[in-house]
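Colleague: have a look at this prediction, sequence included:
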Amino acid sequence: MSSSTDAAPDRLSGLLAEHAALETELADPAVHADASRARRLGRRYAQLAPLVETKRALDAVRDDLAAARELADEDASFAAEAAALEQRVPELEDRLHSLLLPEDPDDDKDVILEIKAGEGGAESALFAGDLLRMYLRYAERRGWATEVLDAVPADLGGYKDVSIAVKSRGDEGIWSRLKFEGGVHRVQRVPVTESQGRIHTSAVGVLVLPEAEEVDVTVDPNDLRIDVFRSSGPGGQSVNTTDSAVRITHVPTGIVVSSQNEKSQLQNRESALRVLRSRLLAAAREEAAAAASDQRRSQVRTVDRSERVRTYNFPESRISDHRVGFKAHNLDQVLDGELDPVIDALTRAHTAELLAGGS
């Protein structure tokens, strides 16, 4: 393989210059007076760090190799060192090449994650609750902050529909880890309502959206129809005695979002707008991607078992991700938030696909 520095010198030098500029900006105390800007710059700086470290390591190994080859002419003991360094060069070149692959512009963003019960009725709603707990536990393990934006509980437990915001407390981008979770998640188990002990199959839809900041999406208030209604719990039982729940319809696109989790109408309106902005950003990105390529990011279209991306089989304690052939028999641990192995497998497969397309 040819060197990445030969294949993409302009991109490499541009990213190295960007990292140096960010380092200078972050050293300026005035930058940190704007917490949002400092956080954004810090994330980008951390995102570029592996590239810079790999380039420095590659340069150092090449310098050492040149010196070892020169000394080997006078001292044979340096020949073995030169041979070892020769093996390191292509390894570092390959790593640099992978780090120079096209970036997902949303990788450093926080996310809004929506879980919707589908086929399977009460059992699907119960599993939606299980998935919510899984993602909350995963976020806790990684030190992320979570916030429930909207929740529609089901009569027998679990949720018909629930939305959460997941935010990083540091420089790590949440989207880079959770973007492959979108799709239909299938569960196979004996429902608590099943008296004959038969295994049922149900489906739950997961939609992951990069959270849009106000600078990412402009929403014209004239394009919005806002309705208020009374929040309710399972079975229609009143939770609030005032019309505090909010439903927002974006008229040009027909996108409808709602929020009833907060106590005030103003808070619910802001929560609904957060979800709306993220959906509009995702729709714009998807439209742009579709114009450039027939391949579109896998997300939930309909909550149909046939469109599954992952299966959770309780009798066998097995989790299977059908996109990459990942299988593990530690379902209890996965549902307790140990998601890194399957997410790592999906990330590696995606990187390999990009490498194959860019080779």
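Modeller: Okay, I see it.

Colleague: quick one, strands of the stretch 201-350 of the chain?
Modeller: Along the stretch 201-350 of the chain, the segments classed as strands by DSSP state E, counting those that start in this stretch run 224-229, 245-250, 255-259, 308-313, 318-321, 326-328.

Colleague: can I get those strands in TSV with distance to residue 15 and mean pLDDT?
Modeller: Yep, even glycine has a C-beta here, placed from its N, CA and C like the rest. As requested, the strands of the stretch 201-350 of the chain are exported to TSV (distance: least, CB to CB, whole Å; pLDDT from 0 to 100):
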stretch	distance to residue 15	mean pLDDT
strand 224-229	39	89
strand 245-250	36	91
strand 255-259	35	90
strand 308-313	32	93
strand 318-321	31	96
strand 326-328	31	95
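
Colleague: out of these, which comes closest to residue 95?
Modeller: strand 326-328 (23.1 Å; CB to CB).

Colleague: if you count neighbours, what's buried in the closest one?
Modeller: 326, 328 (16 or more other CB atoms under 10 Å).

Colleague: partner strands of it, with direction?
Modeller: Sheet pairing of strand 326-328 (DSSP bridges) gives strand 318-321 (antiparallel).

Colleague: output the below-cut-off pLDDT ranges for the stretch 201-350 of the chain.
Modeller: Confidence mapping of the stretch 201-350 of the chain against pLDDT under 70 gives the ranges 214-216, 232-242, 288-307.

Colleague: can you list the strands of the stretch 201-350 of the chain in CSV and add distance to residue 152?
Modeller: What follows is these, written out as CSV (distance: least, CB to CB, whole Å):
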stretch, distance to residue 152
strand 224-229, 12
strand 245-250, 10
strand 255-259, 9
strand 308-313, 22
strand 318-321, 26
strand 326-328, 31
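
Colleague: let's verify the residue sitting furthest away from the middle of the chain: helix, strand, or coil?
Modeller: Distance to the chain centre peaks in the chain at residue 74, reaching 54.4 Å (criterion: CA atoms, centre = their mean). Under DSSP: H, G, I helix; E, B strand; the rest coil, residue 74 falls in the coil class.

Colleague: need the phi and psi values for it.
Modeller: Dihedral angles phi and psi of residue 74 (degrees, to the nearest 10) take the values phi -100, psi -30.

Colleague: again with the one 5 residues further on
Modeller: Here is the backbone geometry of residue 79 (degrees, to the nearest 10): phi -70, psi -40.

Colleague: leaving out sequence neighbours, find the closest residue to it.
Modeller: Nearest residue to residue 79 in three dimensions, chain neighbours excluded: residue 72, at 4.5 Å (CB to CB, 6 or more residues apart in numbering).

Colleague: just the pLDDT at the one you found, thanks.
Modeller: With respect to pLDDT, residue 72 scores 83.

Colleague: count residues in the vicinity of it, would you?
Modeller: 16 (other CB atoms under 10 Å).

Colleague: that one and residue 84, how far apart?
Modeller: Separation of residue 72 from residue 84 (CB to CB, to the nearest Å) stands at 12 Å.

Colleague: now swap in residue 119 and tell me
Modeller: Taken as CB to CB, the span from residue 119 to residue 84 is 57 Å.
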